[in-house]
Structure formats: structure tokens, C-alpha cells
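J.: A structural model of the following input is requested.
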Amino acid sequence: VELQHVFGSLCGSPLREPALFADSTGQQVAFAVGRQLAIRHVENNETSFLGTSEKVELITACCASRDRAFLALAEKCTSEARISIYDLRS
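T.: Numbers count the residues shown, from 1 in each chain. Now for the predicted structure:
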């Protein structure tokens, strides 16, 4: 996976581009909301959330692959840190 766009949600300064397009057509916007990742559909304003484990305390960073097929989340959990990769094509 070659990553193109990254944002962090624990920066010491204001976030730079805290949201990203989750698809290649620009119809879905992804952004961190505490311990979940929200994906908002631009045309109908519907918002869905990617399921995360109950162990996740918060999302610390997010990035999308160049073709917007995959989304990687850096998550701070109760006993560990981890990276989760989601397939946005499904």
C-alpha cells in the first residue's frame, strides 16, 4: 500500500486537513470522531461509522491509499497501539 494523504488527530498545533476524501470521485468524506471514523456521503448527507473495537480509546492518525481503495487508522487502545486497514471498496 502506497499512502498519499495522512492526518493526525493528536497534533500539538491545529489539525491540517483533518478530513480526507474516502473515494476517488469525492463523494465521501472521512474524518475521525473520537474513537470512531465517520464517513459522510456528500450528496445525501448520510453518515456511517467504521466499526472499531471497544478497546479503542481514540484514533490518532488516518491515511488513504492513492486510489482510495484502502484506509489505514492508527488507534490507541487500552493496552496497546495498533494499525487497522479497511477495504473501502466493499
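J.: when you work out contacts or count neighbours from here on, use the C-alpha atoms and nothing else.
T.: Noted.
J.: excluding its backbone neighbours, what's nearest residue 81?
T.: residue 75 (5.8 Å; CA to CA, 6 or more residues apart in numbering).
J.: tell me the SS of the one you found?
T.: strand (DSSP: H, G, I helix; E, B strand; the rest coil).
J.: which residues sit in contact with it?
T.: 56-61, 81-84 (CA atoms under 8 Å, 6 or more residues apart in numbering).
J.: for the most centrally placed residue in the chain, which non-adjacent residue is closest in space?
T.: Centroid-nearest residue in the chain, with CA atoms, centre = their mean: residue 62, separated by 4.5 Å. By the measure of CA to CA, 6+ apart, the closest residue to residue 62 outside its immediate chain neighbours is residue 73, 4.6 Å from it.
J.: ok now do the one you found, which residues does it touch?
T.: 59-63, 83-85.
J.: want to throw these into TSV with pLDDT and distance to residue 47?
T.: As requested, the contacts of residue 73 are exported to TSV (pLDDT from 0 to 100; distance: CA to CA, whole Å):
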residue	pLDDT	distance to residue 47
59	81	18
60	80	20
61	81	20
62	83	18
63	84	19
83	90	23
84	89	20
85	90	20
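J.: buried subset of those residues?
T.: 59-63 (16 or more other CA atoms under 10 Å).
J.: ok, so of those, who is nearest residue 35?
T.: Nearest to residue 35 among the buried ones among the contacts of residue 73: residue 59, at 5.4 Å, using CA to CA.
J.: I figured that closest one hits residue 38, correct?
T.: No. The criterion here is CA atoms under 8 Å, and residue 59 misses it with residue 38 at 11.2 Å.
J.: shared neighbours of these two, anything?
T.: Contacts common to residue 59 and residue 38, judged by CA under 8 Å, 6+ apart, are residue 32.
J.: follow-up on the earlier one: as JSON lines, the contacts of residue 73 with secondary structure and distance to residue 23 would be great.
T.: What follows is these, written out as JSON lines (DSSP: H, G, I helix; E, B strand; the rest coil; distance: CA to CA, whole Å):
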{"residue": "59", "secondary structure": "strand", "distance to residue 23": "20"}
{"residue": "60", "secondary structure": "strand", "distance to residue 23": "21"}
{"residue": "61", "secondary structure": "strand", "distance to residue 23": "18"}
{"residue": "62", "secondary structure": "strand", "distance to residue 23": "14"}
{"residue": "63", "secondary structure": "strand", "distance to residue 23": "12"}
{"residue": "83", "secondary structure": "strand", "distance to residue 23": "20"}
{"residue": "84", "secondary structure": "strand", "distance to residue 23": "18"}
{"residue": "85", "secondary structure": "strand", "distance to residue 23": "15"}
